[in-house]
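test case, fold it:
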Amino acid sequence: MNGTVRRGLAIIAIPSLLVACSGSGPTAGPISTTVKEWSITLSSTNIKAGDVTFDIKNDGDNDHEFVVVRTDLAGDALPVTDTGEVDEAGAGIEAIGELEDILVGTTDGELTLTLTPGKYVAFCNVNADDNVHYQKGMHLEFTVN
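The predicted model follows:
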């Protein structure tokens, strides 16, 4: 294959490669967030570093909260207190921020945090009527790049 043909093929291939790669990067905010029994969902779990706004909706039947910590621990392996809530000052986690008292039916909760690259876990740390939301599975790991 001569040099002209190779250059022509490269010119054709580069735009296709750029389009294919453009959708795989981290998402900039705002991040749509839903809390409900017994889950947390984010519109993306690969988030761009910087100021990130979580738009939080409580789609459940109980009040919740949204807590974010930076950690290398798995979401289901955070340090807990004797009563089962996450120890937000525990070893291996760095508390970043939280929005408390997300009432049933709330659709306008908003939390803006400055996030640096790393691994994070979002969770609900409510313990009501011996119902520990974290223990019921209300936690989600996400990455910031």
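
C-alpha only now, for contacts and for neighbours.
Noted.

what about the chain, any weak spots by pLDDT?
The chain contains residues with pLDDT under 70 at 1-24.

the residue nearest to residue 90 when sequence neighbours are not counted and residue 137, how far apart?
Closest residue to residue 90 apart from its sequence neighbours, by C-alpha to C-alpha, 6 or more residues apart in numbering: residue 79 at 5.8 Å. Separation of residue 79 from residue 137 (C-alpha to C-alpha, to the nearest Å) stands at 14 Å.

ditto for residue 76
Taking C-alpha to C-alpha, one finds residue 76 at 8 Å from residue 137.

could you pull out the helices for this protein?
For the chain, the helices defined by DSSP state H cover 3-22.

strands along that one, start to end?
Taking DSSP state E to define them, one finds strands in the chain at 31-36, 39-42, 46-47, 50-58, 64-71, 93-102, 109-115, 118-123, 127-128, 131-132, 139-144.

need those in JSON lines with mean neighbour count and distance to residue 84, can you?
JSON lines is the format used below for the strands of the chain (neighbours: other C-alpha atoms under 10 Å; distance: least, C-alpha to C-alpha, whole Å):
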{"stretch": "strand 31-36", "mean neighbour count": "20", "distance to residue 84": "19"}
{"stretch": "strand 39-42", "mean neighbour count": "18", "distance to residue 84": "17"}
{"stretch": "strand 46-47", "mean neighbour count": "21", "distance to residue 84": "28"}
{"stretch": "strand 50-58", "mean neighbour count": "19", "distance to residue 84": "22"}
{"stretch": "strand 64-71", "mean neighbour count": "23", "distance to residue 84": "15"}
{"stretch": "strand 93-102", "mean neighbour count": "16", "distance to residue 84": "16"}
{"stretch": "strand 109-115", "mean neighbour count": "17", "distance to residue 84": "25"}
{"stretch": "strand 118-123", "mean neighbour count": "22", "distance to residue 84": "13"}
{"stretch": "strand 127-128", "mean neighbour count": "13", "distance to residue 84": "8"}
{"stretch": "strand 131-132", "mean neighbour count": "15", "distance to residue 84": "6"}
{"stretch": "strand 139-144", "mean neighbour count": "21", "distance to residue 84": "13"}
